[in-house]
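Asker: need a structure here:
(chains A and B)
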Amino acid sequence: DGGITQSPKYLFRKEGQNVTLSCEQNLNHDAMYWYRQDPGQGLRLIYYSQIVNDFQKGDIAEGYSVSREKKESFPLTVTSAQKNPTAFYLCASRLGVEAVEQFFGPGTRLTVL
Amino acid sequence: DAKTTQPTSMDCAEGRAANLPCNHSTISGNEYVYWYRQIHSQGPQYIIHGLKNNETNEMASLIITEDRKSSTLILPHATLRDTAVYYCIVMSDYKLSFGAGTTVTVRA
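Answerer: Residues are numbered from 1 along each chain as shown, chains lettered A, B, ... in the order given. Model prediction:
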């Protein structure tokens, strides 16, 4: 099946630890995105990448880092500098920036204790 | 960025049409209106998009006013599985910006 995989579905970490969230797609999409969602809120863009080896900050990039070394992979690291990391994280991809439909993964729910 | 305004919530009876309004008065001439929905604890799902003309697909219809300052998403025969948060989005700079959306509850 083609799609976007995010793992794990639930993740628990202690405060002060960095954690990396996985996002893999086999759709051959160029553009990939990371969003954060807090309870009762819409999605906020963290980082996006329009092509391999290139990425840009979104609206709330502070405390996060990404890499895009492979077309199919766009991991997100939540660093200890992120003040409120507990949230639902969603990865998405599009064929290209001008493509119509953006596909979303199932999400990872991160809880920092 | 063009912003959108949607009602916080609405109820709909199963089998009836659900009409979801959205205001986007600052939309630019080349910006598309997109609709996505998010079922609880899942990733959002694309529904439909449009520029000027009304659009219809297997999921919904999109009616855009002539001045493009507002639009309405129509779910023709709502089912319980249509209960979700619906987002009206104006794509800007090839990025989607999600507001709080409209929580639609379909009741039997």
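Asker: how about the residues of chain A by chain B?
Answerer: Residues of chain A lying near chain B by C-beta under 8 Å from any C-beta of the partner chain: A:4, A:31, A:33, A:35, A:40-45, A:48, A:50, A:58-59, A:88, A:90, A:92, A:97-98, A:100-107, A:109. Every C-beta, even on glycine, is put in place using the N, C-alpha and C of the backbone.
Asker: and the buried ones among those, selectable in PyMOL?
Answerer: Entered in PyMOL, the line below selects the buried ones among those, by 16 or more other C-beta atoms under 10 Å in any protein chain shown:
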select buried, chain A and resi 4+31+33+35+42+43+44+45+48+50+58+88+90+92+102+103+104+105+107
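Asker: got the end-to-end distance for stretch A:30-45?
Answerer: Across stretch A:30-45, the terminal residues are separated by 17 Å (C-alpha to C-alpha, to the nearest Å).
Asker: I should have written stretch A:13-30 there, sorry.
Answerer: 31 Å.
Asker: ok now that stretch, how far from the chain's centre?
Answerer: Counting by C-alpha atoms, centre = their mean, to the nearest Å, stretch A:13-30 is centred 6 Å from the centre of its parent chain.
Asker: and what of stretch B:13-29?
Answerer: With C-alpha atoms, centre = their mean, you get 5 Å for stretch B:13-29.
Asker: show me what contacts the nearest residue to residue B:54 once chain neighbours are set aside?
Answerer: Nearest residue to residue B:54, sequence neighbours excluded (C-beta to C-beta, 6 or more residues apart in numbering or on different chains): residue B:63, at 5.2 Å. Contacts were defined as C-beta atoms under 8 Å, 6 or more residues apart in numbering or on different chains; by that measure residue B:63 touches B:54, B:71-72, B:74.
Asker: in chain B, where is pLDDT below threshold?
Answerer: Confidence mapping of chain B against pLDDT under 70 gives the ranges B:1-2.
Asker: not counting sequence-adjacent ones, nearest residue to the closest residue to chain A within chain B?
Answerer: Chain A sits closest to residue B:43 of chain B, with a gap of 2.9 Å, by C-beta to the nearest C-beta. Nearest non-adjacent residue to residue B:43, counting by C-beta to C-beta, 6+ apart: residue A:104, 2.9 Å away.
Asker: my guess is the one you found contacts residue B:45. True?
Answerer: Yes: counting by C-beta atoms under 8 Å, residue B:45 is a contact partner of residue A:104 at 7.3 Å.
Asker: all strands for chain B, in order.
Answerer: B:9-13, B:18-23, B:33-38, B:45-50, B:55-56, B:61-64, B:70-75, B:84-90, B:102-107 (DSSP state E).
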